[in-house]
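Peer 1: could you work out the structure for the sequence below:
(one chain, ligands or ions: 1)
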Amino acid sequence: MTERLVIRQGTPADLAGIEAIYPLAFPDEDLLPVVRSLLAEPNIAMSMVGEIDGSVVGNIIFTDCGVNEATTGAALLAPLAVMPSHHGQRIGSALIRAGLESLREQGLGSVFVLGDPAFYGRLGFKTETRVEPPYPLPAAWASAWQSQELCDTTSLPKGKLWVPDPWRDPALWSE
Ligand SMILES: CC(C)(COP(=O)(O)OP(=O)(O)OC[C@H]1O[C@@H](n2cnc3c(N)ncnc32)[C@H](O)[C@@H]1OP(=O)(O)O)[C@@H](O)C(=O)NCCC(=O)NCCS
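Peer 2: The predicted model follows:
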């Protein structure tokens, strides 16, 4: 990992830097609407950034979620993006680790993610089958729905992940 990398909580002043990353990291997908909605709600979404020499080069967002009727107790990791010019320098992994550590300190039970198991599996995530995603996923994505427990708290019930408004768009959960 680059020694100049600083991982810290995001602030409103990071908005432009974060907005510059997503279209480059996701050229075929417009995640800016959901990113802006999440950043506008710091009470339910924790944003962290990776910064090198004053420039934001990576962003990760964790949203408060729950299972079934509960609106707390779990978090959704999404999205995560690193400037393509900085891929492969462990910035994505560092953002995930720092975010998980912060959530663990807050006593959060479980974190869910929809992503490549080859990447997230290295960071402690395992295929999730007890808690369903908020919308049905394409069959090919079954192993992409993953979770990890952060604290030895009461296990979450079996059911469906409850997500707040910014994530209640089926298009965000389909190919
Ligand atoms: C995925 C992403 C965040 C990883 O960030 P990064 O800083 O490049 O990742 P790291 O340097 O921490 O880890 C790199 C390692 O993960 C691997 N990796 C990265 N993306 C991967 C993926 N999608 N699937 C499998 N492995 C992946 C790399 O090959 C590398 O492996 P190596 O150590 O054996 O060389 C970054 O590539 C990115 O922004 N991609 C575009 C957006 C995206 O796909 N976001 C994730 C959505 S779920």
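Peer 1: name the helices or strands packed onto the longest strand along the chain?
Peer 2: Looking across the chain with DSSP state E, the single longest strand is strand 55-67. Contacts defined by 3 or more CB pairs under 8 Å, 6 or more residues apart in numbering; DSSP states H and E place strand 55-67 against helix 15-25, helix 32-39, strand 45-52, strand 74-82, helix 91-105, strand 159-162. Where C-beta positions appear, they are placed from N, C-alpha and C, glycine not excepted.
Peer 1: same thing but 6 Å
Peer 2: helix 15-25, strand 45-52, strand 74-82, helix 91-105, strand 159-162 (3 or more CB pairs under 6 Å, 6 or more residues apart in numbering; DSSP states H and E).
Peer 1: nearest to the ligand, out of these?
Peer 2: For the ligand, the closest of those is helix 91-105, at 2.4 Å, according to CB to the nearest ligand atom.
Peer 1: what's the mean pLDDT across that closest one?
Peer 2: Helix 91-105 shows a mean pLDDT of 97.
Peer 1: hmm, it in reach of the ligand?
Peer 2: Yes: applying CB under 6 Å from any ligand atom, one finds helix 91-105 touching the ligand at Ile91, Gly92, Ser93.
Peer 1: run a quick neighbour tally on the second one.
Peer 2: Burial of Gly92 is recorded as 20 neighbouring residues (other CB atoms under 10 Å).
Peer 1: could you give the bridge partners of the closest residue to it other than its chain neighbours?
Peer 2: Closest residue in space to Gly92, ignoring its immediate chain neighbours: Val82 at 4.9 Å, by CB to CB, 6 or more residues apart in numbering. Beta-bridge partners for Val82, by DSSP bridges, are Gly58.
Peer 1: burial of Met83, as a residue count?
Peer 2: Residue neighbour count, defined by other CB under 10 Å, stands at 20 for Met83.
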